[in-house]
Every structure is written in C-alpha cells, then in structure tokens.
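the sequence isn't on hand, but the structure is:
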C-alpha cells in the first residue's frame with residue numbers, strides 16, 4: 001500500500017487544483033449569464049474595450065466600468081456608468097433592498113451595494129462623498145441599495161460618469177432587441193451570445209489557467225519522482241520473490257508481466273483514491289460558490305490534464321518497476 005501513496009498524492013493534487021480553478025471560473029461565467037436577460041452581447045474585438053462610437057452602433061445597454069474612491073482613506077469601489085432603464089431591463093436578477101433604481105437619473109445620484117454603503121458611511125436618501133478617477137470630488141445622493149449577491153458593481157452611476165473618466169472603455173453592450181446590431185468592421189466590435197460573453201476578464205482567466213497548468217506540472221513532477229523512487233526501492237526488495245517465481249517455472253517474460261500487472265493495480269488504485277480524496281473538497285467548493293453567487297454551479301473537472309497526469313504517472317511507474325526487475329533477473333538470477 002505504501003507504493004500507492006505517491007500516486008494518490010499526485011493524482012489527488014492534479015484533480016483538486018485543476019478542478020478548483022475551472023469550477024471557480026465557470027461559476028462566475030454562470031453567474032454573469034444568469035444575471036443577464038438579453039438577446040446578445042457586443043464585445044470588443046481586437047481592442048481593449050468598446051469606444052463610444054461602437055456603443056452607439058450597438059444600441060443596447062452599455063456598461064462603462066470605472067472606479068470611485070470613498071472616505072478619507074480613499075477606499076476603491078468598483079463602479080459602472082449605466083443607462084438605468086435599459087440596465088434594469090437587462091439585469092432582472094437585481095435585488096433592491098431599499099429605494100428605487102428608477103430614481104437613478106440625475107448625474108448626482110447613485111445606487112450602491114450594501115457593502116459599498118458601509119464603505120461610503122452613508123444612508124439611503126442621504127449623500128456621500130466620492131472621488132472620481134480624475135481626482136474631482138462630489139457628493140452624490142444614494143437613491144437605492146442593492147443586495148451584495150445580486151449587484152454586479154459596488155456603485156452604479158449614470159453614463160455621466162464618462163465626464164470623470166474620459167479614458168474608460170465600455171466592457172460590453174447587451175442587446176435586448178431581436179434585430180442583430182449593424183456593426184462596421186472598423187469599430188473593433190463583434191456580437192456574440194450572452195453565454196459566450198461570460199466575464200470581461202476572460203483573458204485573465206486564460207492566464208490563470210496557464211499558470212495553474214505550470215504549477216500542476218512542476219508539482220506533479222516532484223511527486224512523480226516520489227512515485228519512481230518508491231517503486232524502485234520496492235522492486236529491489238522483491239528480488240527473493242522473483243527467485244521464487246523463477247524456481248516455480250516462470251520465465252523472465254512472465255515475471256516481468258507479473259511486475260507490470262502489479263504496477264498497473266498500484267497506479268489504478270492510487271488514481272481512484274486520489275480522485276476520491278479530492279472530490280469532497282471540490283463538492284464543498286462548488287456548494288460554497290453556489291451559495292455565495294446565488295446560481296447553480298456545475299462541478300468542472302478538466303479531464304485532459306488529469307488523464308495526462310495518470311498517463312505520465314503510469315509510464316514512470318512502469319519504467320521504475322520493470323527496468324530494475326529486468327536487471328535483477330539478468331544479473332542475480334542468471
């Protein structure tokens with residue numbers, strides 16, 4: 001059984017880390033898709049974001065990301081400039097705790113999440129001082145408070161926020177009409193389904209996945225050395241057993257097939273146990289994400305790296321057991 005331990009550790013680690021990364025990434029995509037009721041989404045194509053010209057051509061509900069800073073400590077709060085009527089129509093899962101988004105009309109109004117309300121040290125109907133990206137400070141009236149689990153941003157402003165953040169580019173425009181947007185090619189925009197729009201930081205997710213694979217590769221390499229070392233020592237201790245098999249009439253080929261079969265069982269058992277060890281943690285992660293995001297979350301296990309780890313471990317295990325067994329049969333048993 002001690003030969004199974006390094007295999008268990010290798011496969012369990014790969015399943016846990018890759019499954020955690022992919023489940024988390026897909027959970028946020030599921031949340032964003034479930035929170036939006038639209039026919040399609042217009043996103044940037046080869047550009048950092050959508051220009052105002054692309055927003056006008058898309059004719060939908062644009063979201064202009066920006067940041068505001070609260071209090072004397074200048075706590076950063078993620079915000080967005082929106083068109084309240086179209087934004088409310090598209091984001092039908094918004095939960096308004098108090099106030100009304102219909103009052104979000106004037107440039108000096110804002111809607112905030114509960115956590116942002118605490119940072120702003122404000123109250124519904126009152127005003128709170130915020131500092132914009134351009135350094136200007138203003139007092140804005142709080143007209144609505146949103147539940148944290150439903151609010152996609154800490155602060156919602158009107159599109160007048162553009163005046164304070166002229167370099168900001170719109171992330172996405174959600175189209176609610178049935179007519180496909182007419183987008184000139186020179187605007188750097190394309191229309192996709194809401195499900196594929198997912199998160200605006202898809203490129204960041206890709207980089208996280210690349211670094212996850214690098215981490216898994218290096219860690220699995222280290223535990224792979226433990227697999228090889230363990231089987232080398234185990235095979236060296238089995239020379240008396242090989243002698244018994246030979247004296248019983250087994251040929252060298254049959255002895256090697258026996259060693260290969262035992263190694264296969266060890267790797268198979270370690271793989272199953274590694275998956276079972278990682279599964280409760282992944283189920284807990286999925287349950288936690290589902291509860292915090294308020295949407296059903298699927299458990300995603302990327303089989304390609306998992307199967308690659310199993311194949312690599314099995315190949316290394318066979319080499320570490322068959323090669324010394326073959327050498328022992330030739331040198332010591334004659």
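The structure has been received and is ready for your questions. Bear in mind the structure is a predicted one, so any value in this text is a computation, not a measurement.

residues in contact with the host helix or strand of residue 118: which ones?
Under the criterion of DSSP states H and E, residue 118 resides in helix 114-120. Residues from elsewhere that reach helix 114-120, judged by Cβ atoms under 8 Å, 6 or more residues apart in numbering: 70-71, 75, 77, 97, 112, 123, 128-130, 142, 145-148, 154-155. Heads up, the C-betas are built off the backbone N, CA and C, glycines and all.

that one: how far from the chain's middle?
What separates the centre of helix 114-120 from the centre of its chain is 26 Å, taken as Cα atoms, centre = their mean, to the nearest Å.

where in the stretch 1-150 of the chain is pLDDT low?
Along the stretch 1-150 of the chain, segments meeting pLDDT under 70 span 1-3, 30-41, 43-49, 51-52, 55-60, 88-93.

okay, and which of the contacts of helix 114-120 map to helices?
In this view, these have no member that belongs to helices under DSSP state H.

restricted to strands, list those residues.
Counted as lying in strands by DSSP state E, out of the contacts of helix 114-120, are 70, 75, 77, 97, 112, 128, 129, 130, 142, 145, 146, 155.

right, and the helix or strand after the longest helix along the chain?
The single longest helix within the chain, with elements called by DSSP H, is helix 252-293. Using DSSP H and E, the helix or strand that follows helix 252-293 towards the C-terminus is helix 303-331.

which strands and helices sit next to that next one?
When contacts are defined as 3 or more Cβ pairs under 8 Å, 6 or more residues apart in numbering; DSSP states H and E, helix 303-331 packs onto helix 4-34, helix 202-236, helix 239-247, helix 252-293.

tell me the residue in this structure that is farthest from the middle.
Farthest-out residue of the chain from its mean C-alpha position, per Cα atoms, centre = their mean: residue 247, at 57.4 Å.

contacting residues for it?
Contacts of residue 247 (Cβ under 8 Å, 6+ apart): none.

any idea how far it lies from residue 238?
Counting by Cβ to Cβ, to the nearest Å, the gap from residue 247 to residue 238 is 14 Å.

try residue 263
11 Å.

neighbour count: those two, which is higher?
More crowded of residue 263 and residue 238, by other Cβ atoms under 10 Å: residue 263, with 23 against 20.

which ones are touching the closest residue in space to that one that isn't next to it in sequence?
Spatial nearest neighbour of residue 263, chain neighbours left out: residue 321 (4.6 Å); criterion: Cβ to Cβ, 6 or more residues apart in numbering. Taking Cβ under 8 Å, 6+ apart, we find residue 321 in contact with 231, 232, 234, 235, 259, 260, 262, 263.

same thing with residue 132?
Residue 132 sits next to 66, 68, 69, 138, 161, 164, 165 when contact means Cβ under 8 Å, 6+ apart.

the fourth one: neighbouring residues, count only.
Counted with other Cβ under 10 Å, the neighbours of residue 138 add up to 15.

wait, is it part of a strand?
Yes: assignment of residue 138 by DSSP: H, G, I helix; E, B strand; the rest coil places it within a strand.

partner residues bridging it?
Counting by DSSP bridges, residue 138 is bridged to residue 130.

now for residue 327: which residues touch it?
Applying Cβ under 8 Å, 6+ apart to residue 327 gives no contacts.

give me that answer again for 10 Å
Counting by Cβ atoms under 10 Å, 6 or more residues apart in numbering, residue 327 makes contact with 235, 236.

go on, residue 278?
8, 11-20, 301, 306.

hmm, 8 Å instead?
12, 13, 15, 16, 19.

most neighbours of all those, which one?
Neighbour counts for those peak at residue 15, which has 27 neighbours (criterion: other Cβ under 10 Å).
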